[in-house]
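**Student:** dropping a prediction and its sequence here:
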Amino acid sequence: MLSYYTLKGAPMSDTSTAQQIGRAWRYYREGKADTAITEFERILQKNGDDIDANYGIGLAQNAAGRKADAVRHFQKAQELVTTAIAKQPKREGNIASPADDRLMMLSRMIGQRLSELG
């Protein structure tokens, strides 16, 4: 079994959010949409404002044919991304940091998904 460790060398909990998101994405990539949905739901029960979990569950729900649920989570993810972008420090130029770049890319991807679902 693969073990993860914190910077101080102590074993990291298997239920850390990052690990849960990793598992959920793996299930999604493996075509296990329902299992991915369950894992993303667990994350969202702890933190309903997790951008990655809202986007991921939207993708999994779309793959499972649950279009209305997917739209709801994509809209939530878009709201969260928009808020996060607004909170970024203002700088000259288009992309000021990797966080800005990530948020802008997520915004475009979410917008594409929403337009596909009409």
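**Tutor:** Noted; the coordinates are in hand.

**Student:** center of the chain, which residue is that?
**Tutor:** D52 (1.2 Å; C-alpha atoms, centre = their mean).

**Student:** within the helices and strands, which one has that residue?
**Tutor:** helix 51-63 (DSSP states H and E).

**Student:** could you dump that helix to PDB, C-alpha only?
**Tutor:** Written as PDB, here are the backbone C-alpha positions of helix 51-63 (Å, rounded to 0.1, in the frame of the first residue of the first chain):
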ATOM      1  CA  ILE A  51     -13.900  24.200  -6.200                       C
ATOM      2  CA  ASP A  52     -12.300  21.000  -7.400                       C
ATOM      3  CA  ALA A  53     -14.900  18.700  -5.800                       C
ATOM      4  CA  ASN A  54     -17.800  20.800  -7.300                       C
ATOM      5  CA  TYR A  55     -16.200  20.700 -10.800                       C
ATOM      6  CA  GLY A  56     -15.300  17.000 -10.500                       C
ATOM      7  CA  ILE A  57     -18.700  15.900  -9.300                       C
ATOM      8  CA  GLY A  58     -20.300  17.900 -12.100                       C
ATOM      9  CA  LEU A  59     -18.100  15.900 -14.600                       C
ATOM     10  CA  ALA A  60     -19.000  12.600 -13.000                       C
ATOM     11  CA  GLN A  61     -22.700  13.400 -12.800                       C
ATOM     12  CA  ASN A  62     -22.700  14.400 -16.500                       C
ATOM     13  CA  ALA A  63     -21.000  11.100 -17.300                       C
END
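
**Student:** now do it: which elements does it pack against?
**Tutor:** In this structure, helix 51-63 makes packing contacts with helix 17-29, helix 33-46, helix 67-87, helix 98-117, judged by 3 or more C-beta pairs under 8 Å, 6 or more residues apart in numbering; DSSP states H and E. Heads up, the C-betas are built off the backbone N, CA and C, glycines and all.
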